[in-house]
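1. I would like to see how this sequence folds:
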Amino acid sequence: MNKLIEEEYPNSLHLYSKPPTTEDMSLSVLYDKTLERFEVLQIFDSYGDIDLNKCTEFKYIINRIKEKGFINFYHYITRNLTSQEDEYNHLLMDNITHYVLCIGFSKRAELQKWFIKQESKLLFVKWQYLNDLEKIEVLTACNIPYKKLDITEKQKLFHRYSSFIDQSRDVFKIHFTEISKIIHNKNHLILDGFVFVPLEVLIAAIINIFRKKVQERLT
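-> A predicted model of the protein is given here:
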């Protein structure tokens with residue numbers, strides 16, 4: 001089972017880069033799970049935009065998903081899974097329902113826009129539950145060019161820009177074109193076309209890639 005997960009879903013945050021494998025599944029189960037995903041996306045929509053610079057807003061959404069009774073989805077997002085088989089089944093269902101909704105939302109531009117926006121919020125929340133190693137694995141898999149500053153580099157920046165650099169946290173250097181969603185925020189240091197940010201903020205770069213992939217899939 002572990003090998004199967006690694007082959008089909010090598011990263012903890014997959015971007016639905018390939019269609020799911022064919023599995024025996026009743027239409028009633030497929031309908032119920034797809035409807036559940038749609039209702040979860042509606043919850044995201046009801047909260048409006050998520051500020052990528054504030055990692056606390058997602059907790060309200062997670063609690064709402066749980067309150068609405070979508071327990072399986074709640075456990076999947078928060079990674080409260082009981083076994084590798086349980087993890088695989090959730091990953092597979094996540095992949096299948098994403099593609100089914102892609103078909104449903106592909107007909108009109110306004111539907112595509114709504115779908116991409118809510119799925120991006122879902123991706124953002126999933127990112128919050130990854131550990132640092134898993135986040136770095138996702139960045140590598142997405143071919144996002146980044147550099148983790150060593151201690152010396154971080155200290156040099158701290159001495160010059162102490163209000164922007166936290167010495168207690170890892171700092172990553174990434175080109176502003178990869179993370180344009182957050183460069184307007186004054187809390188991030190920008191030098192020579194590069195942004196210096198903590199690891200958790202790099203989800204903006206992943207969301208940029210994700211949006212492009214889903215848009216290509218819908219058109």
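2. going forward, measure contacts between C-alpha atoms and count neighbours the same way
-> Fine.
3. Would you state the helices of this structure in chain order?
-> Ranges of helices in the chain, per DSSP state H, are 2-8, 27-46, 58-67, 71-77, 84-104, 109-128, 132-141, 151-160, 203-218.
4. Now tabulate those in JSON lines and tack on mean neighbour count and mean pLDDT.
-> Listed next are the helices of the chain as JSON lines, based on neighbours: other Cα atoms under 10 Å; pLDDT from 0 to 100:
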{"stretch": "helix 2-8", "mean neighbour count": "12", "mean pLDDT": "65"}
{"stretch": "helix 27-46", "mean neighbour count": "16", "mean pLDDT": "94"}
{"stretch": "helix 58-67", "mean neighbour count": "16", "mean pLDDT": "90"}
{"stretch": "helix 71-77", "mean neighbour count": "17", "mean pLDDT": "92"}
{"stretch": "helix 84-104", "mean neighbour count": "17", "mean pLDDT": "90"}
{"stretch": "helix 109-128", "mean neighbour count": "19", "mean pLDDT": "94"}
{"stretch": "helix 132-141", "mean neighbour count": "16", "mean pLDDT": "86"}
{"stretch": "helix 151-160", "mean neighbour count": "13", "mean pLDDT": "89"}
{"stretch": "helix 203-218", "mean neighbour count": "18", "mean pLDDT": "89"}
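5. Can you tell me the closest non-neighbouring residue to K66?
-> In space, and not counting its chain neighbours, K66 is closest to Y74: 5.9 Å by Cα to Cα, 6 or more residues apart in numbering.
6. distance of the one you found from H159?
-> Counting by Cα to Cα, to the nearest Å, the separation of Y74 from H159 is 43 Å.
7. Quick check: F70 vs L199, distance?
-> In terms of Cα to Cα, F70 sits 30 Å off from L199.
8. I misspoke; the intended subject was K212.
-> Relative to L199, and taking Cα to Cα, K212 is found at 22 Å.
9. Any chance of TSV for the helices of the chain, columns distance to N187?
-> As requested, those are exported to TSV (distance: least, Cα to Cα, whole Å):
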stretch	distance to N187
helix 2-8	37
helix 27-46	26
helix 58-67	20
helix 71-77	28
helix 84-104	34
helix 109-128	20
helix 132-141	21
helix 151-160	14
helix 203-218	15
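10. Good, we can wrap up now.
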